[in-house]
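In: Fold the stuff below for me.
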Amino acid sequence: MIFSIDQNSNSLWDTLPKLQALARRGLAVTHLIEDIDVAFTSLGAGEGNLRVSLERFHPSGGSDWGAGLFYSEFLGRQPLELRNIEPQLGMKISTLARLLGKGLEELYQKFSTGDNWMLVGSSFVGDRLHHRLIGDLHIDECREHLWRIIDLAEQDCTQKFPASQSRLRTSRWFADERARLERLLEQSDTPLLIDLYRRWLGEYLPGQAIGLGLTSSLFSLTGPGERFSLLEIFLRDYDAAAALYNQAINETGAGLHRLRTSRGELPFFATMRHAGRFVRAQVSLVGNDLIIADRQFPLGTGRSLPIAKLQAAGIEALAGKAMILALQVRTGQAGGELALPHNGSAYMPASFALQKLLRSNNLLPPGQAEPKPVVRVRFRLLDRMKSLPDEAVIHLPEHLARAIGQAELPARELAEGYSTLKAAAQTRLRVFQRDSSARERWLGEAFSQKTRTAAELDARKRDLARANSKDPQLREISSQLREIRTNLHMSLLRQVVDDWQISQVDFWDSRGALLPWCVALGGQEFYDSVINRAEITPEQR
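Out: Predicted coordinates:
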């Protein structure tokens, strides 16, 4: 059995082509429309307030995130935490903001924002302990946002694929998809978004060996006990297991939240009904008690899970956080392989590291076989574009247009040159990080006139100051020098941000709205060729 997990389960994401590629190989797959993580969040949002906005980071370190409904623009920017590029800038982002005369919020708004449109809002239910899951989202509260995402996707495809035949195919595909969505909405026999997604995917997967379910069902307390063997490891030997969990995050630089061991945090969520909503809550261990939100459950004999008491209290499932979930779904006789797209799931290095650490410390479930492998599904979309005719033209996003020096070019040319662009960007980022003088040399070469003028103004300013520190020309020269330096600082920031984005370009190798993009580029025949040539490779570490 192969499992697949993705909340954004519609035709505007790579979930569908991944499932189609697996099905065409005759593989049995169960796709789970849920990952027991918060489905939508927005910094500072009150209850409700769902909206579609671009993904971004904030100066506080928080970010807006919506895993349940989104569309990523073709070759678009990834959201960027600006503090991560401080080594390449040679200064803290707060210092740079001051030199540019801008606030941190303004800088983050402009340079941290990605091109990923998503449904965000508060998921809190009455307090900050209970978060709504995607399984709680109703069609009625998402209806306008579903249409908004469809509109944004069509606008992006129309802009990014400007050739007349591409636009004709785009217009027809979206007209058909709107009719499909309208019909699915009219025929809806349940009010939930997840059930709409099941029907949506089902229309593209008729008669194929694809089961469609929920992660909360897979890890239901009524299921096999071995599903919770990883949780029981943490219950029996919390200090060791929690330390290894945090070590795996530290070693891989995964950017995930480490467990706050002083609070007994466990890398698991519990799902339940609360205040009329389907929610998840943090699970913790304090002494001999399992703490779920504000409820307390004494552990059983041998520090075992008190399954009956949890069920009596309305707890429905216990599922791991991301890096645990990716291991939990592959563990035991009931486990299966986990299908992920190439470049999918940034937490996998940490999950593999934790698996290795648990194994080497003899903490994997005793008597169980090695966890089953991850199965990577790779489409090589960017490389496949080499087969397209010159008429298949791409309108580039701004960061790529600046790097290439033109706004539009045949998809084939981008396919042939993106690796060189990526390598140059990565090299510049490495050089800027390890060699502080490299930034100055680059500015001198890229903006020779400005750097010469700045040097001349600086020398003149020093001469005047030595002769007469109150010379009235000093103020004017200082103003001119400040303006040039501000421009140079902004140019450096833009280059580093562009290089960071370009270094991520092969994210789109196998991610995104592959179906409408391929149809726009080369029609259904091109899409089918991409699916049929998908590379399906086991990955175990």
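
In: list the helices and strands the lowest-mean-pLDDT helix or strand in the chain packs on?
Out: Evaluated with mean pLDDT, DSSP states H and E, the helix-and-strand set of the chain has its lowest mean pLDDT in strand 40-41, which scores a mean of 76. Other elements packing on strand 40-41 under the criterion 3 or more C-beta pairs under 8 Å, 6 or more residues apart in numbering; DSSP states H and E are strand 65-66, strand 116-122. In this view, the C-beta of every residue, glycine as well, is placed from N, C-alpha and C.

In: partners of that strand in the sheet?
Out: Strand 40-41 has its sheet partners listed here by DSSP bridges as strand 65-66 (antiparallel).

In: Same question for the helix or strand that the strand it pairs with is followed by: list its buried residues.
Out: Proceeding N to C from strand 65-66, the next assigned helix or strand is strand 70-72, under DSSP states H and E. By neighbour count, and taking 16 or more other C-beta atoms under 10 Å as the criterion, the buried residues in strand 70-72 are 70-72.

In: got it, and stretch 20-40?
Out: Residues of stretch 20-40 classed as buried: 20-23, 27, 29-40 (neighbour count, 16+ other C-beta under 10 Å).

In: Which members of those are positioned in strands?
Out: Secondary-structure check on the buried residues of stretch 20-40 using DSSP state E: residues within strands are 29-32, 40.

In: For L409, list the residues it contacts.
Out: Contacts here follow C-beta atoms under 8 Å, 6 or more residues apart in numbering; on that basis L409 touches 393-394, 396.

In: tell me which residues form a beta bridge with it?
Out: Using DSSP bridges, the beta-bridge partners of L409 come out as I394.

In: mind checking how far the residue of the chain positioned farthest from its centre is from A454?
Out: No residue in the chain has its C-alpha farther from the mean C-alpha position than A467, which lies at 58.4 Å (C-alpha atoms, centre = their mean). According to C-beta to C-beta, to the nearest Å, A467 stands 21 Å off from A454.

In: likewise P365?
Out: On the measure of C-beta to C-beta, P365 and A454 end up 64 Å apart.

In: go on, R494?
Out: The spacing between R494 and A454, counted by C-beta to C-beta, is 18 Å.

In: The two: which has the busier surroundings?
Out: Neighbours were counted for R494 and for A454 using other C-beta atoms under 10 Å; A454 has more, 21 against 15.

In: pLDDT value on that one, please?
Out: With respect to pLDDT, A454 scores 88.

In: May I ask you to confirm that G523 is in contact with T170?
Out: No - using C-beta atoms under 8 Å, G523 is not in contact with T170, being 10.8 Å away.

In: If you count surrounding residues, which of those two has more?
Out: Here G523 and T170 are compared on neighbour count by other C-beta under 10 Å; more neighbours surround T170, at 26 against 15.

In: Wait, a strand at that one?
Out: No - remark: T170 does not belong to a strand; assigned using DSSP: H, G, I helix; E, B strand; the rest coil, it is helix.

In: Can you check my assumption that L185 lies in a helix?
Out: Yes - assigned with three-state DSSP, L185 falls within a helix.

In: wait, what's in contact with it?
Out: Here L185 is in contact with 139, 143, 196 (criterion: C-beta under 8 Å, 6+ apart).

In: Dihedrals phi and psi, the residue nearest to V496 when sequence neighbours are not counted?
Out: Among residues not flanking V496 along the chain, Q88 sits closest, at 4.7 Å (C-beta to C-beta, 6 or more residues apart in numbering). According to degrees, to the nearest 10, the main-chain angles of Q88 amount to phi -80, psi -30.

In: Hmm, Q433 and Q88 touching each other?
Out: Yes - using C-beta under 8 Å, Q88 makes contact with Q433 at a distance of 5.2 Å.

In: higher neighbour count, the two?
Out: Taking other C-beta under 10 Å, Q88 and Q433 do not tie; Q88 has more neighbours (22 against 17).

In: For the closest residue to L218 other than its chain neighbours, which residues count as its bridge partners?
Out: Across the structure, with C-beta to C-beta, 6+ apart as the measure, the residue nearest L218 apart from its sequence neighbours is L32 (6.1 Å). On the basis of DSSP bridges, L32 takes part in beta bridges with I5, G213.

In: Run through the residues that contact L32.
Out: Under the criterion of C-beta under 8 Å, 6+ apart, the contact partners of L32 comprise 3-6, 213-215, 217-218.

In: rewinding a little: now do the least confident helix or strand of the chain: distance to the chain's middle.
Out: Taking C-alpha atoms, centre = their mean, to the nearest Å, the mean C-alpha location of strand 40-41 is offset from the chain mean by 13 Å.

In: buried set for stretch 209-216?
Out: Counting neighbours by 16+ other C-beta under 10 Å, one finds that the buried residues in stretch 209-216 are 210, 212, 214-216.

In: so how far does it reach from one end to the other?
Out: For stretch 209-216, the first-to-last residue distance is 21 Å (C-alpha to C-alpha, to the nearest Å).

In: go on, stretch 79-97?
Out: Across stretch 79-97, the straight-line distance between its terminal residues is 19 Å, by C-alpha to C-alpha.

In: Where does pLDDT dip in this structure?
Out: In the predicted model, the chain carries pLDDT under 70 at residues 38-39, 43-48, 208, 366-368, 540-541.

In: what does stretch 425-445 contact?
Out: Applying C-beta under 8 Å, 6+ apart, the external contacts of stretch 425-445 come out as 87-90, 403, 451, 488, 491-492, 495-496, 498-500, 502-503.

In: Can you report how many residues lie near the nearest residue to L69 once chain neighbours are set aside?
Out: Distance criterion C-beta to C-beta, 6+ apart; nearest residue to L69, sequence neighbours excluded, is L119 at 4.1 Å. Residues within reach of L119, counting by other C-beta under 10 Å, total 26.

In: Next: the one 10 residues further on.
Out: Residues near L129, counting by other C-beta under 10 Å, number 15.

In: Looking at the buried residues of strand 70-72, which is nearest P224?
Out: The nearest member of these to P224, counting by C-beta to C-beta, is F70 at 33.0 Å.

In: Run through the residues that contact the closest one.
Out: With contact set as C-beta under 8 Å, 6+ apart, F70 has these partners: 8, 13, 55, 116-119, 149.

In: cutoff 10 Å now
Out: Listed by C-beta atoms under 10 Å, 6 or more residues apart in numbering, the contact set of F70 reads 7-8, 10, 12-13, 40, 52, 54-55, 116-120, 145, 149, 152.

In: Tell me which residues of stretch 450-467 come out buried.
Out: 450-451, 454, 457, 461, 464.

In: now the residues you listed in a markdown table, with distance to R180?
Out: Converted to a markdown table, the buried residues of stretch 450-467 look like this (distance: C-beta to C-beta, whole Å):
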| residue | distance to R180 |
| --- | --- |
| K450 | 54 |
| T451 | 57 |
| A454 | 59 |
| L457 | 63 |
| K461 | 67 |
| L464 | 72 |
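
In: Helices - which of the residues you listed land there?
Out: Secondary-structure check on the buried residues of stretch 450-467 using DSSP state H: residues within helices are 450-451, 454, 457, 461, 464.

In: Now do the lengthiest helix in the chain: which elements does it pack against?
Out: The residue-count maximum for a helix in the chain (DSSP H) belongs to helix 473-503. Taking 3 or more C-beta pairs under 10 Å, 6 or more residues apart in numbering; DSSP states H and E as contact, the helices and strands that helix 473-503 lies on are helix 86-89, helix 93-100, helix 104-111, helix 398-404, helix 411-434, helix 436-446, helix 448-467.
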